[in-house]
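1. All I have is the shape, not the residue letters:
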């Protein structure tokens, strides 16, 4: 059945499929853990039961999302040994310790305090329970720190030496590996994306219940907090994304050329191509809608600054332009839509109509999944833009895969697709079921959920971080 397919392509599809599923859940749990920390802190500070009710409402949803992130990540991590064993052999001396640091720090924090956070409200003191919530939130951030350090090193590798047998060995300083050139920008951009993803989910849930009853105090509080986050953090994310783009231009110019659709060099200022249809065969953007010289202004802060194009890159080293061109525009478009909703909410506050403006609430419900779409689009832009390399400029993807036959990879891919849609579809349905129910005063602390009934516990957390 799969003999006509290339094993390398199937391996890439399989990893892309599993990591896309995985990325959805940590992007939510990283932000939701911090939101729970804020809710419990406000409850302790103000004594208002509404914050405790919201904490108990969202902690059940966090438990499901966290568990699904764990399970999806375990499967993804096994592929390093099955489909990508050559990459693991060559890059393992560098990336292996970084992943181990995540287990020794983030995983131990989360595993040690998660049970107290989920089930200990009535069993330990308020201060200890809040400390446990803070540790879980810190653990999710530390997990993102290490996983993004690994991914960033693959994008901008530094601090390594090549052994005679072709393996990457750490140099004299691990700091050069951990804090590689793109890591600070990637960490800030990804963590803010996780916070915005959570904010728009919380805002959508609040808006949904406001549409049903605009006097619902819990829905009002959820919606208000989420819209403050959107209004304040969305502009920060746009700025962080711009800084990240400038860093990418410096270290991975071919990726930026593909993002911008610049097949040709522009010695007198490059246009900003808003939309068009990439034509890789003819090396041009068909039906382009563009703003003259605006790309040079954004990337070089000079209208007449020259920008190199993909005509300076060998054809076999070019990333696939159509995928990157469109995924980048999806990410940026959603970012500005988030900003627009945040500004709309500020206008509604000024008009004292934040809680009784159905159009705003419907827009917030529609924007609920936007954060997930944006982080997946951003991941595609980042990872596909790195092609044809696994370690940028050093190790080709074609040199990284295991010597497997296409039918073997294809069979496991089909199995993953079937199991993922069944298991995670059911989990997602249950999360939506919980969200459909409104938060109520004196929200019960415990509610049986499939995660606990199945006995799922946290696992080493290549699975709990952000790729």
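-> Structure received. Note that this is a predicted model, so its numbers are computed, not measured.

2. Chain neighbours aside, what residue packs nearest to the spatially most central residue of the chain?
-> For the chain, the residue lying nearest the average C-alpha position, counting by Cα atoms, centre = their mean, turns out to be residue 375 (4.3 Å). Here the nearest residue to residue 375 in space, its sequence neighbours aside, is residue 27; by Cβ to Cβ, 6 or more residues apart in numbering that works out to 4.8 Å. The C-beta positions use only the backbone N, C-alpha and C, and glycine is treated the same way.

3. what about the one you found, neighbour count?
-> Residue 27 has 30 neighbours, counted by other Cβ atoms under 10 Å.

4. need the contact list for it.
-> Residue 27 makes contact with 193-194, 197, 371-372, 375, 466, according to Cβ atoms under 8 Å, 6 or more residues apart in numbering.

5. distance of the residue nearest to the centre of the chain from residue 369?
-> From residue 375 over to residue 369 the distance is 11 Å, taken as Cβ to Cβ, to the nearest Å.

6. Please give me every residue in contact with residue 75.
-> Residues near residue 75 by Cβ under 8 Å, 6+ apart: 18, 416.

7. residue contacts, residue 134?
-> For residue 134, the contacting residues are residue 37, by Cβ under 8 Å, 6+ apart.

8. What separation do you get for it and residue 376?
-> Computed as Cβ to Cβ, the residue 134 to residue 376 distance reads 29 Å.

9. re the thing from before, tabulate the contacts of residue 27 (a markdown table), appending secondary structure and distance to residue 239.
-> Formatted as a markdown table, the contacts of residue 27 follow (DSSP: H, G, I helix; E, B strand; the rest coil; distance: Cβ to Cβ, whole Å):
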| residue | secondary structure | distance to residue 239 |
| --- | --- | --- |
| 193 | helix | 13 |
| 194 | helix | 17 |
| 197 | helix | 18 |
| 371 | helix | 18 |
| 372 | helix | 22 |
| 375 | helix | 18 |
| 466 | coil | 20 |
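
10. Can you tell me which of those is closest to residue 305?
-> For those, the minimum distance to residue 305 (Cβ to Cβ) is 28.7 Å, reached by residue 193.

11. remind me which residues of the stretch 1-150 of the chain are low pLDDT?
-> Along the stretch 1-150 of the chain, the parts satisfying pLDDT under 70 run over 1-5.

12. Tell me where it has helices.
-> For the stretch 1-150 of the chain, the helices defined by DSSP state H, counting those that start in this stretch occupy 7-46, 49-82, 85-102, 108-119, 126-155.

13. Check the stretch 351-467 of the chain too.
-> 358-366, 370-386, 406-436, 450-453.

14. wait, which of those is closest to residue 140?
-> Of the helices of the stretch 351-467 of the chain, nearest to residue 140 by Cβ to Cβ is helix 370-386, at 14.6 Å.
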